[in-house]
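**Student:** Quick one: sequence and predicted model below, then my questions.
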Amino acid sequence: MIMDNTLQKIINNEIPTLVEFINSNCEPCAMIEPTLQQVKNSIGQRLNIFIVNVQDVPSIVEEYNINSVPMLVLFRDDEIIWKTANVLSKQEIIEKVLNSI
């Protein structure tokens, strides 16, 4: 898990960064984590992937308009490229990332 100031450093990067925003009581959040590991194994050299617990850094909720969890957000150079609150398959995530970078 990462904290607010660390997130700023990570997303302000030319390498795209996929962040899963979760909370610890979210069952669908836990279901996505193995899928993200598969994405990392497939295209990890072209993408950073991190998990942020919104309970640990509540300021992030408002700053990035995280209105539900799990929420996947793709950042590049401190800009949001896309975000979704849908649970996606490995292939759907890879396609969205590759089409966005």
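**Tutor:** Alright, I've got the coordinates. This is a predicted model, so every value here is computed, not measured.
**Student:** element containing residue 38, please.
**Tutor:** helix 27-43 (DSSP states H and E).
**Student:** packing partners for that helix?
**Tutor:** On a contact count with 3 or more CB pairs under 8 Å, 6 or more residues apart in numbering; DSSP states H and E, helix 27-43 meets strand 17-22, strand 48-53, helix 90-100. Glycine gets a C-beta too; all of them are placed from N, C-alpha and C.
**Student:** starting at the chain centroid, how far to the second one?
**Tutor:** Going back to what we said before, that points to strand 48-53. 5 Å (CA atoms, centre = their mean, to the nearest Å).
**Student:** wouldn't residue 61 be in contact with residue 54 here?
**Tutor:** Yes - in terms of CB atoms under 8 Å, residue 61 counts as a neighbour of residue 54; the distance is 5.2 Å.
**Student:** which one of the two has more residues nearby?
**Tutor:** Higher neighbour count among residue 61 and residue 54: residue 54, with 19 against 16, using other CB atoms under 10 Å.
**Student:** Secondary structure class of the residue lying farthest from the centre of the chain, three-state.
**Tutor:** Most distant from the centre of the chain: residue 25, at 17.4 Å, with distances by CA atoms, centre = their mean. Secondary structure, DSSP: H, G, I helix; E, B strand; the rest coil: residue 25 is coil.
**Student:** on that earlier part again, from the helices and strands packed on helix 27-43, which stretch is densest packed?
**Tutor:** Compared across the helices and strands packed on helix 27-43, strand 17-22 shows the largest average neighbour count, a mean of 23 (mean count of other CB atoms under 10 Å).
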